[in-house]
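Undergrad: structure for this input, please:
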Amino acid sequence: MMKVWNWYQNCLSVHPVKTQAISSAILWGVGYLSAQYITHSAAKKPLQLSDSDAKFTINWNRLVVTSMFGFGFVGPVGHFWYEGLDKFIRFKLQLKPKSVRSVATKVAMDGIIFGPLHLFVFFTYMGLCAGKNVAQVKDDLKRNYVPALILEGGVWPVVQVFNFWYLPVKYQLLYVNLFCLLDSVFLSWLEQQKDTPWKKWFASFHSTNEKGGRC
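TA: Model prediction:
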């Protein structure tokens, strides 16, 4: 295990962006497989399916698409985001590292800027790669974006408090990538749920708030 860790540290020092991109691709791929298996298992339990339908088969196209999201967006963008965020807090805002104000500001900026951007890119990218047109992608965003934003908004701030408080900047994306394994399971599962009643409730609630805001 120590050899693997030392190898990773060496790769991170020599090729930081490439290492983050590859590790993100692997984790998001594993996350999608997990989400697909969970969805398949949940669907077959109440139904009497034939042996061929009940057998779990991997959707290789979706696996590659999801892995490429980790490789092309999560890894490189996440790397520069955490590096840039730390420099902005220390040099522009001149906040002391590991202080309450520094950590709180990082958590707030991460939740306000990177979190919503990450979700928007994910659902847009997955929709376009599935062959959907712009109108269909917009419908997917209306159906999935707000539920994901609300549900993730209750989890990631807690995760990031520990991240920003205790971990060096060069390991922060690795820590996030481990949670991205669970996050990719959640997002892939959410994206596959179509028009479930609870998602319709989120959509109707959001629409009601928007109407109220215009008055």
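Undergrad: where's the most centrally placed residue in the chain relative to Ser13, distance?
TA: Ranked by distance to the mean C-alpha position of the chain (C-alpha atoms, centre = their mean), the top residue is Asp183 at 5.0 Å. For Asp183, the distance to Ser13 equals 26 Å [C-beta to C-beta, to the nearest Å]. Every C-beta, even on glycine, is put in place using the N, C-alpha and C of the backbone.
Undergrad: with Leu117 instead?
TA: For Leu117, the distance to Ser13 equals 28 Å [C-beta to C-beta].
Undergrad: the two: who's more crowded?
TA: Neighbours per residue, other C-beta atoms under 10 Å: of Leu117 and Ser13, the larger number sits with Leu117, 13 against 10.
Undergrad: that one sits in which helix or strand?
TA: helix 115-129 (DSSP states H and E).
Undergrad: for that helix, buried residues please.
TA: Within helix 115-129, the residues scored as buried using 16 or more other C-beta atoms under 10 Å are Gly115, His118, Leu119, Phe122, Phe123, Thr124, Tyr125, Met126, Gly127.
Undergrad: hang on, Met126 packs against Phe69?
TA: Yes. With contact defined as C-beta atoms under 8 Å, Met126 reaches Phe69; the gap is 7.3 Å.
Undergrad: and Gln94, helix, strand or coil?
TA: Secondary structure assignment for Gln94 (DSSP: H, G, I helix; E, B strand; the rest coil): coil.
Undergrad: Ser13 versus that one, what's the distance?
TA: For Gln94, the distance to Ser13 - C-beta to C-beta - is 28 Å.
Undergrad: what's the answer for Tyr175, then?
TA: According to C-beta to C-beta, Tyr175 stands 17 Å off from Ser13.
Undergrad: contacting residues for the residue nearest to Pro116 when sequence neighbours are not counted?
TA: The spatially closest residue to Pro116, leaving aside those adjacent along the chain, is Leu149, at 6.4 Å (C-beta to C-beta, 6 or more residues apart in numbering). Contacts for Leu149 (C-beta atoms under 8 Å, 6 or more residues apart in numbering) come out as Gly115, Pro116, Leu119.
Undergrad: how about the strand or helix carrying Leu149: buried residues?
TA: Per DSSP H and E: Leu149 is located in helix 134-153. Neighbour-count burial for helix 134-153, counted by 16+ other C-beta under 10 Å, picks out Val137, Asp140, Leu141, Arg143, Asn144, Tyr145, Val146, Pro147, Ala148, Leu149, Glu152.
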